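Visitor: Generate a structure from the sequence data that follows.
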Amino acid sequence: QVQLVESGGGLVQPGGSLRLSCAASGSIPSTYVWGWYRQAPGKQRDLVASITSSGNPNYADAVKGRFTISRDNGLNTVNLQMNSLKPEDTAVYYCNLYETSGRIQIGPDYWGQGTQVTVPS
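Guide: Residues are numbered from 1 along each chain as shown. Model (predicted):
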């Protein structure tokens with residue numbers, strides 16, 4: 001079992017920045033994909049950014065150039081630096097982690113409880 005706890009959400013004006021953090025505890029696999037998803041009201045939950053255990057990042061087109069995902073292995077934490085925020089970035093942001101073998105998911109999805117990010121129009 002892996003436990004994920006997010007922090008860092010809030011209200012920010014357009015053009016501003018926020019930093020989300022996700023702390024993991026428990027039986028963290030040695031190979032994984034660790035990422036952030038977001039879900040706006042009435043919409044599906046979509047991938048924002050992810051990073052593999054080998055350090056390879058992946059970003060949704062909507063956030064490329066504005067968001068940066070990073071890991072702090074010593075703290076078992078993944079961070080999402082969000083710059084140039086837009087009203088369309090408003091959503092609940094969820095941390096996610098799953099075990100992989102090569103490029104194949106071999107374990108269950110673990111989710112955090114979510115943190116609200118609001119960018120007013």
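Visitor: May I have the distance across stretch 6-18, first residue to last?
Guide: In stretch 6-18, first residue to last residue: 13 Å (C-alpha to C-alpha, to the nearest Å).
Visitor: For it, which outside residues touch it?
Guide: Outside stretch 6-18, the residues that touch it by C-beta atoms under 8 Å, 6 or more residues apart in numbering are 19-23, 81-87, 93-95, 112-121. (C-beta placed from N, C-alpha, C; glycine too.)
Visitor: Name the residues of it that are buried.
Guide: 6, 8-9, 12, 18 (16 or more other C-beta atoms under 10 Å).
Visitor: which two in these are spaced the farthest apart?
Guide: Across the buried residues of stretch 6-18, no pair lies farther apart than 6 and 12, at 15.9 Å, counting by C-beta to C-beta.
Visitor: coming back round to it: please narrow the contacts of stretch 6-18 to those residing in helices.
Guide: Within the contacts of stretch 6-18, no residue falls in helices by DSSP state H.
Visitor: Which of these are buried, as a PyMOL select command?
Guide: The PyMOL command for the buried members of these (criterion: 16+ other C-beta under 10 Å) is given here:
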select buried, resi 20+21+22+23+82+85+93+94+95+112+114+115+117+119
